[in-house]
Structure formats: C-alpha cells, structure tokens
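Participant: Need a 3D model of the following:
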Amino acid sequence: YGVELGYNYLINKNSSVFVNYTHSYQAPNIDRFFATTYPPPTFAPVVSFNGFIEPSKSNTFSLGYNNINKGNKFKISLYYVNLKDEIYMQPVTFKNTNIDKSYKYGVDLYDKLIISPEFSLALNYNYVQAIIDEEVEGTSDYSGNKLPGVSDHNIKATLGYTPDKFTTIALTQAYRSEAYA
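Facilitator: Below is the predicted model of the structure:
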C-alpha cells in the first residue's frame with residue numbers, strides 16, 4: 001500500500017512552508033528475477049533465476065519552503081528516507097537482491113527563472129547521503145557503509161522554450177559527482 005500525507009501553510013500570497021510524509025513501495029520488474037553471468041573459459045552468457053526479490057518499502061519525511069512569483073519559482077526541501085529491502089544489483093555477481101535496511105537524507109534546491117513567455121531557465125541541486133544500516137551477504141557485513149552508485153551532488157540545468165501552448169522544447173544538462181561501484 002502507498003500513503004501520502006502533507007500539510008502546506010501559506011505564509012503570504014507568494015510563500016509557503018510544507019511538511020510531507022510518504023509511505024511507498026517498489027515491486028521488482030521482471031528483469032530483476034534473472035542474472036546474466038559470463039563464466040570462463042567461453043565467456044558465453046548464462047542466464048539464471050535469481051529467486052524472488054522482496055518489494056522495496058520506504059518512509060519519506062520532508063520539510064520545505066516555496067516562494068512563487070510571476071518571474072521566479074523557488075523551492076528548498078530537506079528530506080529523510082528510511083528504506084527496507086532496497087533493490088540493487090551486486091557488482092561482481094550481477095545478481096539482483098535486496099539491502100536489508102538503509103537510509104538517505106539530503107537537501108533539494110530548485111529555482112526556475114521565467115525569462116519571457118517563451119523562455120525559462122531552471123536549476124536544480126540535490127545533495128544526498130545514502131547509508132547502509134544493515135546488510136550481511138555471506139561473510140561480509142556492509143552495515144554502516146555508504147551505498148555504492150549514489151552521487152553526493154547532482155546538478156541539473158534546463159533551458160526551456162515554449163513556442164506555443166502545445167509545444168515545449170527543453171535542453172537539459174546534468175552533472176553528478178563521482179559515484180563508485
């Protein structure tokens with residue numbers, strides 16, 4: 001089941017603060033049930049059944065501020081996500097499985113400047129830390145480590161062009177800081 005509860009308090013006609021709670025889940029797609037390996041000496045692909053994977057469940061809490069004016073939209077939010085059975089692929093065996101418990105926290109900044117009725121520029125910055133609370137795989141205990149593959153810093157810039165009310169063309173550039181596997 002999924003639930004989302006939120007409250008938005010209007011400070012004035014342009015500004016508001018909000019708090020939000022979401023409980024959600026993500027079921028694995030069919031590809032996650034299979035693993036492809038390339039064993040020596042032939043290195044021919046071998047597909048095997050991974051077994052059933054638990055759906056990922058999360059509880060997300062966020063607190064934020066919005067400021068919307070005619071020429072500018074600004075939003076900042078702080079968030080914390082508590083995850084159970086997060087789905088991931090092991091980098092060595094290519095087996096899809098679950099991380100028992102993990103959490104993520106960070107800040108998200110968004111600013112959209114309306115340059116003209118046709119042009120806009122949006123900037124989005126996200127800082128995130130992803131930590132494994134509990135994960136034991138065989139004899140290895142990964143508890144307390146950072147979650148691999150999650151970039152600490154993510155920046156996205158979008159130049160939007162709207163020639164008419166039915167068409168929008170967007171040019172987007174994204175940057176992610178180094179993520180390790």
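
Participant: So the closest residue to Ile115 other than its chain neighbours: helix, strand or coil?
Facilitator: Nearest non-adjacent residue to Ile115, counting by CB to CB, 6 or more residues apart in numbering: Leu121, 6.2 Å away. All C-beta spots, glycine's among them, are computed from the backbone N, C-alpha and C. With DSSP: H, G, I helix; E, B strand; the rest coil as the basis, Leu121 sits in strand.

Participant: Surely Leu121 is in contact with Leu113?
Facilitator: Yes: counting by CB atoms under 8 Å, Leu121 does reach Leu113; the two are 4.8 Å apart.

Participant: ok, the residue nearest to Ile115 to Tyr65 distance?
Facilitator: To Tyr65, Leu121 is 21 Å away according to CB to CB, to the nearest Å.

Participant: count of neighbours near the residue lying closest to His23 once chain neighbours are set aside?
Facilitator: Spatially, and ignoring its direct neighbours in sequence, His23 is nearest to Val3 (4.6 Å; CB to CB, 6+ apart). When neighbours are counted by other CB atoms under 10 Å, Val3 registers 9.

Participant: going on from the strand or helix carrying Asn126, what's the next piece of helix or strand?
Facilitator: Taking DSSP states H and E as the definition, Asn126 sits inside strand 119-134. Later in the chain than strand 119-134, the nearest helix or strand by DSSP H and E is strand 136-137.

Participant: Mind listing the strands the very next helix or strand once past that following strand pairs with, and their directions?
Facilitator: Moving toward the C-terminus from strand 136-137, the next helix or strand (DSSP H and E) is strand 140-141. According to DSSP bridges, strand 140-141 forms sheet pairs with strand 136-137 (antiparallel).

Participant: ok now the partner strand, how far from the chain's centre?
Facilitator: 24 Å (CA atoms, centre = their mean, to the nearest Å).

Participant: Then stretch 18-27?
Facilitator: Averaging C-alpha positions (CA atoms, centre = their mean) puts stretch 18-27 12 Å from its chain's average.

Participant: Show me which parts of it are buried, residue by residue.
Facilitator: Using 16 or more other CB atoms under 10 Å as the test for burial, stretch 18-27 gives 18, 20, 22.
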